[in-house]
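[1] Dropping the sequence and predicted coords here.
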Amino acid sequence: LLQARIILAHEGIARTEETRLAVDLMNNALGGSGFSSRLMKKIRSDEGLTYGIGSRFSLRSQPGPFSISTFTRVAKVRRVIDLILEEVEAIGSDRPVSEEELGKFISYNVGRFGLSLETSDAVLASLVDLDVHDLPEDSLERYRDRIRAVSLEDVTEAAKIRLHPDRAAILVLGLAELLVPELEGLGPVEVRKP
């Protein structure tokens, strides 16, 4: 009862988006790479406000959502939301992805890609994905070269264009009577009961 689930979301990108790899690398730095991400470092390691937090772009035929998900104590909900919004804002402005981060996440994705194709089922699923989204047949064999070709400028631009903290919807699940006061100043609050 004293925990709350927090989901922050806004429009994302489609699976076929040309800048998808730059967006993916930017998201790795923000919150898509577990303990290596900025959100995990800030909100779990530095502040001790959650056990886990992550961000993702849901890649579909049409643009799916971008979302950040975590949980914390009710008394710390506003602090966590404020920190999330600060990190999302910072990666698109005054603290963009660094050369060091980019290099780390290029290596991370190259290594993870090989592991993702270890079984025949995984290869088949990847080939079906290419067909469903009408992507080039050589996408799998060219992936490593394409990810290595992403520049720091590409990733910086992806953050500026694809992250919109000012347009995010914030969903908080928990006891409304305790949470509503925590959310003052973030915009209109709508309470729904099961």
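    Received it, and whenever you're ready, just let me know what you need.

[2] would you list every one of the strands in this protein?
    3-11, 53-57, 65-73, 169-173 (DSSP state E).

[3] Now do the buried residues in the last one.
    Going by neighbour count (16 or more other CB atoms under 10 Å), the buried part of strand 169-173 is 170, 172. Quick note: C-beta positions are derived from backbone N, CA and C, even for glycine.

[4] helices or strands up against it?
    For strand 169-173, the packing partners by 3 or more CB pairs under 8 Å, 6 or more residues apart in numbering; DSSP states H and E come out as strand 3-11, helix 77-91.

[5] got a list of what residue 148 touches?
    The contact partners of residue 148, taken as CB atoms under 8 Å, 6 or more residues apart in numbering, are 106, 110.

[6] same thing but at 10 Å, please
    Shown in contact with residue 148 (CB atoms under 10 Å, 6 or more residues apart in numbering): 21, 106, 107, 109, 110.

[7] One more: residue 109?
    21, 24, 25, 28, 33, 116, 143, 144, 147, 148, 150.

[8] how about 6 Å then?
    If you count contacts by CB atoms under 6 Å, 6 or more residues apart in numbering, residue 109 has them with residue 147.

[9] Could you measure from it over to residue 29?
    12 Å (CB to CB, to the nearest Å).

[10] for the helices and strands packed on strand 169-173, which one sits closest to residue 61?
    Taking CB to CB as the criterion, residue 61 comes closest to strand 3-11 out of those, the separation being 14.6 Å.

[11] For the closest one, C-alpha coordinates in CSV please.
    Extracted C-alpha coordinates of strand 3-11, given in CSV (Å, rounded to 0.1, in the frame of the first residue of the first chain):
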residue,chain,number,x,y,z
GLN,A,3,4.4,1.7,-2.9
ALA,A,4,3.4,3.3,-6.1
ARG,A,5,4.0,2.4,-9.7
ILE,A,6,5.1,5.2,-12.1
ILE,A,7,4.8,5.1,-15.9
LEU,A,8,5.8,8.1,-17.9
ALA,A,9,5.0,7.9,-21.7
HIS,A,10,4.6,9.8,-24.9
GLU,A,11,4.6,9.0,-28.6
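
[12] Give the partner strands of that strand in its sheet and their orientations.
    When pairing is defined by DSSP bridges, strand 3-11 lines up against strand 65-73 (antiparallel), strand 169-173 (antiparallel).
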